[in-house]
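Enquirer: Just a sequence and a predicted model for now, questions to come.
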Amino acid sequence: MSGLLAGKRLLVTGVITDASIAFSVAKLAQENGAQVVLTGYGRLSLVERIAKRLPEAAPVIELDVTNPEHLAGLADKVREHVDGLDGVVHSIGFAPQSCLGGGFLDAPWEDVATALQVSTFSYKSLAMAALPLMSAGGAVVGLTFDATKAWPVYDWMGVAKAGLESASRYLALHLGKQGIRSNLVAAGPLRTIAAKSIPGFDQFEDAWTERAPLGWSLTDQEPAARACLALLSDWFPATTGEIVHVDGGYHAIGA
Ligand SMILES: NC(=O)c1ccc[n+]([C@@H]2O[C@H](COP(=O)([O-])OP(=O)(O)OC[C@H]3O[C@@H](n4cnc5c(N)ncnc54)[C@H](O)[C@@H]3O)[C@@H](O)[C@H]2O)c1
């Protein structure tokens with residue numbers, strides 16, 4: 001098997017449609033020599049149907065990242081398909097509607113707590129659940145939306161992403177001794193289910209379309225997926241705690 005990820009065994013979370021960033025990661029990873037195991041949340045039969053659209057059908061394991069039993073049983077379930085993991089992809093985010101679309105000042109703690117548990121704490125939970133299968137050279141990669149700024153309508157999801165960015169640095173700190181890397185890809189806006197659930201998301205779409213120095217496609221998940229592959233590969237062996245922007249250069253400009 002040849003390709004950037006030849007022989008690598010990956011666990012990819014976050015596929016719900018073929019527009020999911022995780023679907024593009026899984027597809028490109030298979031095309032580049034990796035063996036892929038998926039996890040699915042909630043609508044398992046839908047995820048299984050989407051998994052069949054990959055170049056090679058991939059097994060799907062049920063995983064709600066807030067469910068301690070799912071997390072505790074994850075390594076054994078993955079072992080039914082592969083004998084270890086070289087990479088884990090966290091492509092998970094959720095915030096209740098009260099937390100998005102301008103509701104920052106009114107969202108109740110219970111809803112904010114859900115957003116933080118699913119979108120931030122889960123990065124550590126997932127990594128720890130997969131850790132028994134990982135060894136030196138392994139990589140954890142997650143997806144963020146540049147959290148250095150306060151965006152209109154992103155609200156508590158922005159806070160959750162700021163936490164995720166910090167959590168990735170702490171994971172880099174704590175897993176570095178074992179030779180395991182943790183890095184994030186900061187993607188520009190892409191039309192996925194998660195994005196469509198954000199009221200006013202079109203503001204991001206307009207801003208990126210008008211201003212990204214390289215231009216930006218709202219429907220092309222491949223640039224973000226390629227960066228995930230690169231970070232999972234052996235070509236970033238000394239990089240951890242890093243955030244790679246895949247946003248057409250938007251983060252770099254002041255407009
Ligand atoms: N779409 C964008 O514009 C954009 C930009 C930057 C970063 N991101 C991030 O990319 C990641 C993937 O999102 P996407 O845009 O591909 O959307 P998506 O809706 O396709 O994927 C989100 C996934 O999160 C999963 N999920 C939600 N709650 C879960 C739980 N409790 N346990 C396990 N899984 C759960 C969903 O099942 C879904 O598969 C998210 O972290 C998102 O914040 C998206």
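Expert: Happy to help now that I have it.

Enquirer: So what's the residue count around His251?
Expert: By other C-beta atoms under 10 Å, the residues close to His251 number 15. Quick note: C-beta positions are derived from backbone N, CA and C, even for glycine.

Enquirer: That one contacts Ala147, doesn't it?
Expert: No. Under the criterion of C-beta atoms under 8 Å, His251 is not in contact with Ala147, lying 10.8 Å apart.

Enquirer: and stretch 51-69, how far apart are its ends?
Expert: Stretch 51-69 has its terminal residues 24 Å apart, counting by C-alpha to C-alpha, to the nearest Å.

Enquirer: close to the ligand, is that stretch?
Expert: Yes. Judged by C-beta under 6 Å from any ligand atom, stretch 51-69 comes into contact with the ligand through Leu63, Asp64, Val65, Thr66.

Enquirer: who touches the first one in this structure?
Expert: When contacts are counted by C-beta atoms under 8 Å, 6 or more residues apart in numbering, Leu63 touches Thr13, Thr39, Gly40, Tyr41, His70, Leu71, Leu74.

Enquirer: rerun that using 10 Å as the cut-off
Expert: Going by C-beta atoms under 10 Å, 6 or more residues apart in numbering, Leu63 touches 11, 13-14, 38-41, 44, 70-71, 73-74, 77-78, 92, 122, 125-126, 129.

Enquirer: same deal with Cys99?
Expert: Cys99 neighbours (C-beta under 10 Å, 6+ apart): 106-108, 111-112, 114-116, 119, 154-160, 198.

Enquirer: give me the element the residue nearest to it when sequence neighbours are not counted is part of.
Expert: Nearest residue to Cys99 in three dimensions, chain neighbours excluded: Trp156, at 3.7 Å (C-beta to C-beta, 6 or more residues apart in numbering). Assigned by DSSP states H and E, Trp156 belongs to helix 155-175.

Enquirer: and the helix or strand following that helix with helix 155-175, angle?
Expert: Next in sequence after helix 155-175, counting helices and strands by DSSP H and E, comes strand 181-187. Calculated by axes from the mean of the first three to the mean of the last three C-alpha atoms, to 10 degrees, strand 181-187 forms an angle of 160 degrees with helix 155-175.
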